[in-house]
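Enquirer: sequence and computational prediction follow.
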Amino acid sequence: MAETEKIEIMNFDQAAYLADGAAVVKAGKEMIVLADRIYDEGFDALFLMGVGGTWDELMQLEYLMNKYSDKDFEVHLIHAAEFNVSGHKRMTSNSVVLTASESGTTPEVLEAINKLNKMGVRVVAMTDAHSKIGQAIGAQNCVKMASDHAHGGCEMGYYLADCFGFRILNRRGCFDKFDKFIEQTSNIWQDLIDIRKVFEPKAEALARKYALADYTMFIGQGALWGETILLAMCLLEEMQWKRTRYITSADFFHGTLELVEPGVPVFLFKGLDECRALDNRVEAFLKSGRTGDEDIVVIDLEEFATPSIDDEFRVIVSPWILSCLMVDRLTRYYETVTKHNLKYRRYYHQFDY
């Protein structure tokens, strides 16, 4: 990474990011203690609950926990708004729910927690214990999220959730390298700064070329699918008012491929898990020349080094890497090209609806 030392990362405080990294590692230890308590108490089913961005962020944990778990243990991802009207037939008073809310006030999550409390379901949350959600579940069940959204993307929230989820798997005997994973990822933050430096020139070039496009496709799969939705929906639709289409590599060939034509930017995120075979098929089609579309962008996670961790953990941190590249760096440059502040909304949090 020596060649990247002179590269400046626009609007990015490296010292603050490393400080947040240290803080989230400390918080991660709290999540591990919480996971141990939950496991020792016992439970019949584990649910991950979010809405909007938190639902997207928890997709990677659902995918990875089910990937590494044994056949008798399944993790269920539920959407808080859907749960409030439909419930879930596998939910019992002996179930456990992990949720998250940076603000601690997310109304759909708060409503769901009130329902869960009446059912006797245990809820643990990544949120401020003094917030409305924190007060609803009790400080003993809360771990405050590090301020990763102020100084970076979503990767520190992923770290925190993974501390909980992979500890549960570890206690079940499904992830025996948990201690090694925690030791190595606690030092990954400098790697993620270096990855930003490598990508910085490309982030700017991509934004200048595509930020003003009328319509853009984003394709991902597996551990990267939640991050793909998060980028397209939460960042570009909500925060930039851009028209997007997000689609899995598996579903791309069932409808969406017919919309690829000259002038339509298509971003493909190639992962590191078994779904890479599906990504490769999409890449081969996009680069075949049959569509006449030359605006094809392939972001291959294989190209971004994480020397602090062993290769066996790269699949787990792949959403963290994509978050650094897209949610943080690319959108910062979109903001400069569109002149549209990422914090500005027309409707969201502007009035009751």
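Expert: Here it is on my side, so go on.

Enquirer: do a quick rundown of the strands in the stretch 201-350 of the chain.
Expert: Assigned by DSSP state E, counting those that start in this stretch, the stretch 201-350 of the chain shows strands spanning 216-220, 244-248, 266-270, 296-300.

Enquirer: in the first one, what's buried?
Expert: To tie it back to what came earlier, the one meant is strand 216-220. Burial within strand 216-220, assessed by neighbour count using 16 or more other C-beta atoms under 10 Å, is assigned to 216-220. C-beta: built from backbone N, CA, C; applies to glycine.

Enquirer: what helices or strands is it leaning on?
Expert: Other helices and strands packing on strand 216-220, by 3 or more C-beta pairs under 8 Å, 6 or more residues apart in numbering; DSSP states H and E, are helix 225-229, strand 244-248, strand 266-270, helix 276-286.

Enquirer: strand partners of it, parallel vs antiparallel please.
Expert: Strand 216-220 pairs in its sheet with strand 244-248 (parallel), strand 266-270 (parallel), by DSSP bridges.

Enquirer: just the CA trace of it, in PDB.
Expert: The C-alpha trace of strand 216-220 is given here as PDB (Å, rounded to 0.1, in the frame of the first residue of the first chain):
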ATOM      1  CA  THR A 216     -28.600   2.700 -13.200                       C
ATOM      2  CA  MET A 217     -28.600  -1.000 -12.400                       C
ATOM      3  CA  PHE A 218     -26.800  -2.600  -9.500                       C
ATOM      4  CA  ILE A 219     -26.300  -6.400  -9.300                       C
ATOM      5  CA  GLY A 220     -25.100  -8.400  -6.400                       C
END
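
Enquirer: hey, C-alpha coordinates of stretch 275-292 in CSV?
Expert: Once non-C-alpha atoms are left out, stretch 275-292 reads as follows in CSV (Å, rounded to 0.1, in the frame of the first residue of the first chain):
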residue,chain,number,x,y,z
CYS,A,275,-22.4,-17.1,-5.4
ARG,A,276,-19.4,-15.8,-7.3
ALA,A,277,-20.3,-18.5,-9.9
LEU,A,278,-23.6,-16.6,-10.5
ASP,A,279,-21.7,-13.3,-10.7
ASN,A,280,-19.3,-14.7,-13.3
ARG,A,281,-22.3,-15.7,-15.5
VAL,A,282,-23.7,-12.2,-15.4
GLU,A,283,-20.2,-10.7,-16.1
ALA,A,284,-19.8,-12.9,-19.1
PHE,A,285,-23.1,-11.8,-20.6
LEU,A,286,-22.5,-8.1,-19.9
LYS,A,287,-19.1,-8.2,-21.6
SER,A,288,-20.2,-10.4,-24.5
GLY,A,289,-21.0,-7.4,-26.7
ARG,A,290,-24.5,-8.6,-27.4
THR,A,291,-26.2,-5.6,-25.7
GLY,A,292,-24.1,-2.9,-27.2
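
Enquirer: contacts for it?
Expert: 219-223, 248-250, 252-253, 257, 260-262, 266, 268-271, 293, 296, 298 (C-beta atoms under 8 Å, 6 or more residues apart in numbering).

Enquirer: repeat for stretch 323-339
Expert: Counting by C-beta under 8 Å, 6+ apart, 9-12, 152-155, 158, 192, 195-196, 199-200, 203-204, 206-208, 211-212, 227, 230-231, 235-236, 239-240, 242, 269, 299, 304, 341-342 sit against stretch 323-339.

Enquirer: just the buried residues of that stretch, please?
Expert: Neighbour-count burial for stretch 323-339 [16+ other C-beta under 10 Å]: 323-335, 337-338.

Enquirer: secondary structure element holding residue 124?
Expert: Using DSSP states H and E, residue 124 sits within strand 122-126.
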